[in-house]
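Peer 1: Pasted the sequence and its predicted model underneath.
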Amino acid sequence: MTPFGRRVRALRATQNVSLKKMAEDLAISSAYLSALEHGHRGLPSWSLVEQICTYFNIIWDEAEELHRLAAHSHPKVTVDSSGLSSTATEYANLLAKEIRNLPEARLQEMLAYLQASTPKRL
């Protein structure tokens, strides 16, 4: 499941909306919505994220956060390390190979470190 999918599922649960009902209301297939939630489809379009925000009456910071989660929810990631140090290339390759074996606690530590090290973009 992607971060975006987890958030959409939580919104549906909070509002007691079934996947089928939400898909009907948004005029998309329930299979597509399910695939988005589970990370079996690529990134949702900006307009679909906006539709979801409208659907759940999400505004301001919460809408911005949903867009951020959508942008960080592509299930198949490519890392271009050309022009970077050999350490960066080794790290990217090792992460790609071992990410499935890392415990959730370690992944959360690594994510928190990267988030703290990444400048906020306006």
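Peer 2: Good, I have the coordinates. Predicted model only: the values in this text are computed from it and were never measured.

Peer 1: hey, let's count contacts and neighbours off CA atoms from now on
Peer 2: Will do.

Peer 1: what residue ranges in this structure score low on pLDDT?
Peer 2: For the chain, the stretches with pLDDT under 70 are 121-122.

Peer 1: What about Met22, how many residues nearby?
Peer 2: 17 (other C-alpha atoms under 10 Å).

Peer 1: can you tell me which residues contact the residue nearest the centre of the chain?
Peer 2: Taking C-alpha atoms, centre = their mean, the centroid of the chain lies closest to Ser73, which sits 2.5 Å from it. The neighbours of Ser73, taking C-alpha atoms under 8 Å, 6 or more residues apart in numbering as the test, are 2-4, 39, 42-43.

Peer 1: next one: phi and psi at the nearest residue to it once chain neighbours are set aside?
Peer 2: Spatial nearest neighbour of Ser73, chain neighbours left out: Thr2 (5.2 Å); criterion: C-alpha to C-alpha, 6 or more residues apart in numbering. Here is the backbone geometry of Thr2 (degrees, to the nearest 10): phi -90, psi 160.

Peer 1: ditto for Gln15
Peer 2: Per degrees, to the nearest 10, the backbone of Gln15 is at phi -90, psi 0.

Peer 1: about what we covered before: Serialize the contacts of Ser73 to TSV and add fields for secondary structure and neighbour count.
Peer 2: Formatted as TSV, those follow (DSSP: H, G, I helix; E, B strand; the rest coil; neighbours: other C-alpha atoms under 10 Å):
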residue	secondary structure	neighbour count
Thr2	coil	20
Pro3	helix	19
Phe4	helix	26
Gly39	coil	20
Gly42	coil	13
Leu43	coil	20
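
Peer 1: Tell me which two of those residues sit farthest apart.
Peer 2: Maximum pairwise distance among the contacts of Ser73 (C-alpha to C-alpha): 12.6 Å, between Pro3 and Gly42.

Peer 1: Let me know the outermost residue of this structure.
Peer 2: Ser86 (28.4 Å).

Peer 1: next one: phi and psi at that residue?
Peer 2: Dihedral angles for Ser86 - degrees, to the nearest 10 - are phi -60, psi -30.
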